[in-house]
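Trainee: this one's structure only:
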């Protein structure tokens with residue numbers, strides 16, 4: 001039974017995801033697993049990672065507005081944006097709450113050091129938090145892949161990040177009159 005490379009990667013991804021999903025505790029009772037719909041979380045993450053290979057599953061702490069820290073599965077990496085037929089990578093982190101898919105994922109644009117978030121962007125605030133109709137009108141039939149497709153479309157029309165200009169010191173000195 002020789003697996004083609006793709007099938008092997010699929011199995012590896014599934015094992016990795018399953019391990020991560022099962023490692024997340026319930027916030028109020030750390031003795032039990034957090035994710036209520038583990039199969040659905042696994043399926044949606046797997047579908048997205050298969051389509052967008054530049055996203056990697058990890059477990060980390062999301063600090064909520066009330067200061068609570070929740071240990072959650074997240075997908076981090078980049079999604080494609082197309083500006084004038086050129087592909088750019090938009091850095092993104094998608095946090096998956098334990099009640100997913102009843103609750104929409106919390107999504108952030110996470111610029112690298114040489115990028116800045118575009119000021120007053122329609123869909124992204126200064127902290128990188130993503131506002132999107134798809135998320136505010138979220139229902140359990142929505143999926144992570146459809147979310148990323150929507151984000152790619154929206155961001156291609158109006159990219160939320162731009163290359164940070166180097167500091168003024170690197171500019172050639174202005175000759176004095």
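Mentor: Structure received. None of the values given here were measured: they were computed from a predicted structure.

Trainee: which element follows the longest strand along the chain toward the C-terminus?
Mentor: Taking DSSP state E as the criterion, the chain has its longest strand at strand 69-83. As assigned by DSSP states H and E, the chain's next helix or strand after strand 69-83 is strand 86-96.

Trainee: Just checking, which helix or strand succeeds that following strand along the chain?
Mentor: Once the chain leaves strand 86-96, the next helix or strand it forms, by DSSP H and E, is strand 106-109.

Trainee: other SSEs contacting that next one?
Mentor: Other elements packing on strand 106-109 under the criterion 3 or more Cβ pairs under 8 Å, 6 or more residues apart in numbering; DSSP states H and E are strand 86-96. Any C-beta I mention is one placed from the backbone N, CA and C, and that applies to glycine too.

Trainee: Show me the strands paired with the longest strand of the chain, marking each as parallel or antiparallel.
Mentor: Using DSSP bridges, the strands paired with strand 69-83 are strand 55-63 (antiparallel), strand 86-96 (antiparallel).

Trainee: hey, which of the ones you listed is tucked in deepest?
Mentor: Neighbour counts (mean count of other Cβ atoms under 10 Å) averaged over each of those peak at strand 86-96, with a mean of 18.

Trainee: Contacts for it, please.
Mentor: With Cβ atoms under 8 Å, 6 or more residues apart in numbering as the test, strand 86-96 has contacts from 41, 45, 54-55, 62, 72-82, 105-112, 115, 144, 147-148, 151-152, 155, 159-161.

Trainee: Which ChimeraX command selects the buried ones in the residues you listed?
Mentor: ChimeraX command restricting the contacts of strand 86-96 to the buried ones, with burial defined by 16 or more other Cβ atoms under 10 Å:
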select :41,45,55,62,72,73,74,75,76,77,79,81,105,106,107,108,109,110,111,115,144,147,148,151,152,155,159,160,161
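
Trainee: could you dump the strands paired with strand 69-83 to JSON lines with distance to residue 134?
Mentor: What follows is the strands paired with strand 69-83, written out as JSON lines (distance: least, Cβ to Cβ, whole Å):
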{"stretch": "strand 55-63", "distance to residue 134": "17"}
{"stretch": "strand 86-96", "distance to residue 134": "12"}
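
Trainee: and residue 12, which of those strands is closest to it?
Mentor: strand 55-63 (11.3 Å; Cβ to Cβ).

Trainee: Just to be sure, residue 15 is in a helix?
Mentor: Yes: judged by DSSP: H, G, I helix; E, B strand; the rest coil, residue 15 forms part of a helix.
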